[in-house]
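1. Sequence plus the predicted model coming up.
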Amino acid sequence: MSAEFAFIAALQALASHPAARGLADDCAVLEVGGEALILTHDMMVEGVHWLPGQDPADIAWKLLATNLSDLAAKGAEPLGVLLGYTLAAENTRFAEGLGEALTHFGVPLLGGDTVRGTGAQSLGLTALGRATHRPVPSRSGAQAGDGIWITGSVGAAMLGFEALSAGNTSADTSAYRRPLPRLAEGRALAPLVTAMMDVSDGLLLDASRMAAASAATFALDPVAIPLPAELPVERARDALSWGDDYELLFTLPTGTAPPCQAHRIGTVLPLGIVPLLLGDTPPEGPLGYEHC
């Protein structure tokens, strides 16, 4: 058991409120006054989630976008965000980038906290949303026979990271630097899906998590998974586990067509020996990104 998994298991024993969903979902869902509030919190750390010397404006954008992607997986309408910020030597570019992202996504900044610390800079953001459909989608509703779908390709962020790391200024690195959460798609899908989550830690790992939560086996067709046109064929397996894609992974009953652009990439099977199949066999090697 990894240290991260063990710590989350300890927290799950404390998170007894129904809104926490057992800490096994993308967001908390809090029923208040006839509304369902959707709450999520993500963190980013220098040297782990962004490269040394990377433009702080891009870091601010990504911090907001990754949290909004969690709201998208619930079909939620964003209401606002709270920022937790460790001060750096220079903070103007971060503020500029945050303002640009808030304007782009139409989300207000409601408050937060600033601190000064030593070592690697760490950032946190809490996003609050309102459910647009009840019941609010979860990871755990997929049924045998459902189709498995994804809203877009995986692997562009990996290529962007590698180009940015190599100093390749001619490559398109926007998928890594400034991801676009699928908010409109999430709202359109919420009334139809049996399960939904965003792909942040790698398609294979997140599909495995959704399968486990649904007590099912996900059988993915490797040929059907959309990949960037510029991705070398030999890198296809890497793209399935790299992460940072922020597409929506969802399941639909047989015969139900998605109301947005999406690709069918597999079928939900009754629970077998393993939660995930890539083709006819369990995938080999790491499934995605885990902290420890």
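-> Perfect, I can see it now.

2. C-alpha from now on. contacts and neighbour counts both.
-> OK.

3. Contacts made by stretch 204-218 with the rest, please.
-> With contacts defined as CA atoms under 8 Å, 6 or more residues apart in numbering, stretch 204-218 is touched by 24, 139-144, 148, 195-200, 240-241, 249, 266-272, 274-277, 287-289.

4. Out of those, name the ones that lie in strands.
-> 148, 195-198, 249, 266-270, 276-277 (DSSP state E).

5. from those, which is closest to residue 170?
-> The shortest gap between residue 170 and any of the ones in strands among the contacts of stretch 204-218 belongs to residue 198, at 28.9 Å (CA to CA).

6. so how far is the helix or strand of the chain with the lowest mean pLDDT from its chain's centroid?
-> Within the chain, no helix or strand scores below helix 3-12, which has a mean of 75 by mean pLDDT, DSSP states H and E. Relative to its chain's centre, helix 3-12 lies at 19 Å (CA atoms, centre = their mean, to the nearest Å).

7. again, but for stretch 128-145
-> For stretch 128-145, the distance to the chain centre is 15 Å (CA atoms, centre = their mean).

8. do stretch 202-215 as well
-> 12 Å.

9. quick revisit: now the least confident helix or strand of the chain: buried residues?
-> Buried residues in helix 3-12, defined by neighbour count with 16 or more other CA atoms under 10 Å: none.

10. One more: stretch 253-270?
-> Buried, per 16+ other CA under 10 Å, within stretch 253-270: 253, 258, 262, 263, 264, 265, 266, 267, 268, 269.

11. What of stretch 229-236?
-> Under the neighbour-count criterion of 16+ other CA under 10 Å, stretch 229-236 has residue 236 buried.

12. same check, this time on stretch 60-73
-> For stretch 60-73, burial by neighbour count (16+ other CA under 10 Å) applies to 60-73.

13. And stretch 161-169, by the same measure?
-> Applying 16+ other CA under 10 Å to stretch 161-169 flags 161, 163, 164 as buried.

14. Go through these and say which is closest to residue 180.
-> Closest approach between those and residue 180, by CA to CA: residue 161, at 15.7 Å.

15. tell me the pLDDT at the residue of the chain positioned farthest from its centre?
-> Distance from the C-alpha centroid of the chain, by CA atoms, centre = their mean, peaks at residue 89 (29.8 Å). Looking at residue 89, its pLDDT is 90.

16. Quick check: it is in a helix.
-> No: the assignment for residue 89, made by DSSP: H, G, I helix; E, B strand; the rest coil, is coil rather than a helix.

17. Tell me which residues touch it, please.
-> No residues are in contact with residue 89 under the rule CA under 8 Å, 6+ apart.

18. all strands for the stretch 101-250 of the chain, in order.
-> Taking DSSP state E, counting those that start in this stretch as the criterion, the stretch 101-250 of the chain carries its strands at 109-115, 122-131, 147-150, 195-198, 216-220, 248-252.

19. from those, which stretch is densest packed?
-> Mean neighbour count (mean count of other CA atoms under 10 Å) peaks for strand 195-198 among the strands of the stretch 101-250 of the chain, with a mean of 30.

20. What number of residues are in the vicinity of residue 118?
-> 9 (other CA atoms under 10 Å).

21. I meant residue 202, not that one.
-> Residues lying near residue 202 (other CA under 10 Å) number 26.

22. Same check on the one 5 residues further on?
-> A count of nearby residues for residue 207, using other CA under 10 Å, gives 28.

23. Turn the strands of the stretch 101-250 of the chain into a markdown table, including distance to residue 228 and mean pLDDT.
-> Converted to a markdown table, the strands of the stretch 101-250 of the chain look like this (distance: least, CA to CA, whole Å; pLDDT from 0 to 100):
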| stretch | distance to residue 228 | mean pLDDT |
| --- | --- | --- |
| strand 109-115 | 34 | 96 |
| strand 122-131 | 30 | 97 |
| strand 147-150 | 14 | 98 |
| strand 195-198 | 18 | 98 |
| strand 216-220 | 18 | 98 |
| strand 248-252 | 16 | 98 |
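
24. Cool, thanks, signing off.
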